[in-house]
Structure formats: structure tokens, C-alpha cells
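Participant: A structural model of the following input is requested.
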Amino acid sequence: MKNLIKLALSALVALVITIPAFAYPDVTQDHWAAKQIEILTEKGVIVGYPDGTFKPDDNVSRAEFASMAIKALGQEHTTVAQPVAFTDIDTSFWAYDAIQKALYFDLISCPPQGQPFRPDDTVTRAESISVAVNALTTEQISDMKAKEVLSKRFADVNEVPQWFLIPAGKAEILNMLVTIPSANKAKIEANRPATRAEVASILYEMMEQAKLNPNAKLAEAMRKKTGEGYVVENAFVQGSVGTIPSGSIVPIKLTKYVSSQSSQPGEMYIASAPQNYITKDKFILVYSGSNLKGQLLDVRSGKWFVRNGVLVLDNSLLTTNNDQTVSFNGVSEITKHRNWFMKIVRATLKGEKLNVTPDEVIYMKVLKPIKVDLTNGWIIE
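Facilitator: Next up, the predicted model:
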């Protein structure tokens, strides 16, 4: 009987593990876009409503879609040097940066200066699918080819706006022309507002295709950056993410004088990375000039015949070249290089004094792993 109970419990556990958990009560396991909604939710591209629902049949504004598209492509931390001016949004608008990035990456066409963006208008199926296609490097096709491809599956090809004909054809060739499953012949419905479920599916297809064939600007942004610098031993790379493991040793350069004789425990310090921290393959983990902050953890003055000086730095923060400030835990115990004679002297007479001058390089041991997006230097928390 006990064995039967164990078997039953094991089967129940296996069943629970294999059944995917859905984040929203209004998106069932058999919903046609459940997979895409779940994946994009996990990645933080889309979010639900305060009541916990997703509302898959609701619509999405143009501003919301721009923000989602940039997040799906992993470019939310990109900096745009020359923003475009619109009459209906300014820098205080919540999606201003995302809209500027969508323009920069050629996801949406750049209108003449001084035109409205219409951020609160609902995004249409044609607009959302065009953005997905614009994120990619695609083969050129003619209007005739687009109509030929679309006519095989869709009943409303003649209703497709001229400007959307080629993007729609390209989307169909790439299996990206998302439609809600129907028993009847599918329709493109170019001008209909896209639902949240359709948007999730369109963004998912764009995200997957962009991994293979991003457009020129995205390809450059998504390229893992390389350079010379200090090689962090045991650092490793998985896809576009680099990891500085716990226990790694990295150089830092203090900006002020600290001493076992005059500094005080708890005193704050600021340092910088004197070189890029890189992997063995020269992928940049932390850029030169990034700031580090912490405090003096243990300070004890050197006294003759009593003890050698103690000077320990406890690092807590890192500010990257992206102006991102994150936790960066490390410790640096200052020591002096001693030859065999001085080792004997300091072991018997003691009294060694420790100090670090401004711009002097010392070494820090990393206490917790650090994950970095190698395409943009963003620390993944």
C-alpha cells in the first residue's frame, strides 16, 4: 500500500511539473496565443492588468506597442542621440524614449519634423505587422509577388492598403502574418485594431526572426562588443550574456588616499575600473571608467611589535557607462609584496603600514556573480 501511495504521489508531482502554469486567469491553456503570451510575460515585454487578467481581446495603443517592440528586441537601454520632435508628445511622456528608439531602429517611418505621433490611437494590424517586418533584413519583393503570396491564404487581399502590401507579403513569406484561427478563409484585416493576443503573437514572431536576420541597425546593436582589457579568469558567455563568477579577481583604482594609519572604518571610497573587464574571447563585461563605491570595512594601524596594519575595502555598488547603478559585492584586502627577508621581519617585529595612493591599482575579489548583456553593457539583475 505504501508503495502504491508513493507511486501515486510521484505521478501527481510529474503531472504538476509537466502542466504549464499560465499567468492569467483569462488566458486558458488552449488559447491560440497562450504560448506567446506566457513567454513575453516571462521576459517582461508585456504585463497584465492590476486585477491579474490579461484581457487578450483588448486593444493596444501606438505608444504601448512601441514600448513593447523595443523591449522584445532588448533595446530598451539604447541611447538615441538625435530625437525627432512631435507636436503631441515631449520628453515627459512615459513612452517618449521607446518611440524615439523605434524611430532610430527603423521600426516605424520617421515623419516630417513637427508632425503628431498619435500615441493614444490604437495600433492597427497593418502597423504592428509592419513594425515586425521592419525589424528584419528581408528579400525585396514586388507588389505582384506580394499579391500572389497573399492570395493563397487570404480572402481580402484587394482590401489591403497599398503601403502595406509588400510588408504583408514579406510577413506571409516569413510565416509572421498572424491571424486569429478561424474555420473560414483567413482575412488580413489590415485596418482593424490589433488585439493584445495578436500583438503578443506578432512580437514573439518578430523577436524570434530578429535573432536570425535583424535589420542593419539592430544587428549592430545586438552584436556582442569586444575590446582589449583585463581578462577575468573563469568568466563565461552564454548567448549574449557574460558572467563574472563569484571569486573572480578584478582591478580597481581608488580616487583618494587611504591608509591603515589615518583612515577610519566605515569611511566611504570611490574607485573606477582602470581597464575594460573582458572574457578570454575579448567580450567586454565592464567598461573602463565604470565607477565603484564602497566603504572601508576593517582599518587597524600598524604598530611596532604589536601588529601589522590592516586595510580591507568592502565594495557594494557599480555604476556602468550606461549610468546604471547596481549591486557589485567585492572585497579587497590590501597587502604589500614582500620578499623572503621582509616576510621574516614582519612576522617577528610587525608594525607594517598600509596605504593606497590615488590612481594606484589594487585588486578586488568579487563575492557574488555578475551577469552582463554583452551587446550593451547592461547588468542583468
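
Participant: what residue ranges in the stretch 201-350 of the chain score low on pLDDT?
Facilitator: Within the stretch 201-350 of the chain, the segments meeting pLDDT under 70 span 338, 342-343, 345-347.

Participant: Which stretches in it count as helices?
Facilitator: Using DSSP state H, counting those that start in this stretch, the helices of the stretch 201-350 of the chain run over residues 216-221, 340-348.

Participant: contacts for stretch 174-193?
Facilitator: Contacts of stretch 174-193 with the rest of the structure, by CB atoms under 8 Å, 6 or more residues apart in numbering, involve 32, 59-60, 122-126, 129, 132-133, 136, 138, 150, 153-157, 159-161, 164, 168, 171, 195, 197-198, 201-202, 205-206, 209. The way it works is simple: take the backbone N, C-alpha and C, and place the C-beta from them, glycine included.

Participant: end to end, how far does it reach?
Facilitator: The stretch stretch 174-193 measures 22 Å between its terminal residues, going by CA to CA, to the nearest Å.

Participant: Domains in the protein, by residue range?
Facilitator: Recorded structural domains for the chain (assignment: automatic domain parsing) are 2-221, 230-380.

Participant: Switch the ones you listed over to JSON lines; also include mean neighbour count.
Facilitator: As requested, these are arranged in JSON lines below (neighbours: other CB atoms under 10 Å):
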{"stretch": "domain 2-221", "mean neighbour count": "17"}
{"stretch": "domain 230-380", "mean neighbour count": "17"}
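
Participant: Centroid-nearest residue for the protein?
Facilitator: When the chain is reduced to its mean C-alpha position, the nearest residue by CA atoms, centre = their mean turns out to be G74, at 5.3 Å.

Participant: how much space between that residue and K282?
Facilitator: The span separating G74 from K282 equals 22 Å under the rule CB to CB, to the nearest Å.

Participant: again, but for A190
Facilitator: Taking CB to CB as the measure, A190 and K282 are separated by 47 Å.

Participant: again with K336
Facilitator: Taking CB to CB, one finds K336 at 32 Å from K282.

Participant: What of S151?
Facilitator: As defined by CB to CB, S151 lies at a distance of 51 Å from K282.

Participant: And for V326?
Facilitator: The separation that V326 has from K282, given CB to CB, amounts to 23 Å.

Participant: And for A271?
Facilitator: In this structure, A271 lies at 23 Å from K282, with CB to CB as the measure.

Participant: how about K368, what does it touch?
Facilitator: Neighbour list for K368: S246, S327, N329 [criterion: CB under 8 Å, 6+ apart].

Participant: Take those residues and write them to JSON lines, including distance to V366.
Facilitator: Putting the contacts of K368 into JSON lines (distance: CB to CB, whole Å) gives the following:
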{"residue": "S246", "distance to V366": "6"}
{"residue": "S327", "distance to V366": "11"}
{"residue": "N329", "distance to V366": "7"}
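
Participant: Give me the subset of the residues you listed lying in strands.
Facilitator: Members of the contacts of K368 lying in strands (criterion: DSSP state E): S327, N329.

Participant: What is the nearest of the contacts of K368 to D298?
Facilitator: Proximity of these to D298 (CB to CB) peaks at N329, which lies at 15.8 Å.

Participant: and the gap between the closest one and K217?
Facilitator: 36 Å.

Participant: S109 now?
Facilitator: With distances taken as CB to CB, S109 is found 14 Å from K217.

Participant: Just give me the closest of the contacts of K368 to S259.
Facilitator: When the contacts of K368 are compared for distance to S259 (CB to CB), N329 wins out at 23.9 Å.

Participant: And for that closest one, nearest residue in space, chain neighbours not counted?
Facilitator: In this structure, N329 finds its nearest non-sequential neighbour in L367, 4.2 Å apart by CB to CB, 6 or more residues apart in numbering.

Participant: before we move on, what about V310?
Facilitator: Ranked by CB to CB, 6+ apart and with sequence neighbours excluded, the top spatial neighbour of V310 is R300, at 4.0 Å.

Participant: got the contact list for T226?
Facilitator: Contacts here follow CB under 8 Å, 6+ apart; on that basis T226 touches I278, D281, K282, F283, I284.

Participant: 6 Å instead, please
Facilitator: When contacts are counted by CB atoms under 6 Å, 6 or more residues apart in numbering, T226 is found next to K282, F283.

Participant: is it in a bridge, and if so with what?
Facilitator: Beta-bridge pairing of T226, defined through DSSP bridges, involves F283.

Participant: R62 contacts V123, correct?
Facilitator: Yes - counting by CB atoms under 6 Å, V123 is a contact partner of R62 at 4.9 Å.

Participant: The stretch 51-200 of the chain: helices as residue ranges?
Facilitator: If DSSP H, counting those that start in this stretch is used as the criterion, the helices of the stretch 51-200 of the chain fall at 62-72, 96-104, 125-134, 143-151, 162-173, 196-210.

Participant: for the ones you listed, which one sits closest to T79?
Facilitator: Ranking those by distance to T79, with CB to CB as the measure, places helix 96-104 first at 8.9 Å.

Participant: Let's test this: mean pLDDT of the closest one, rounded?
Facilitator: Throughout helix 96-104, pLDDT has a mean value of 95.
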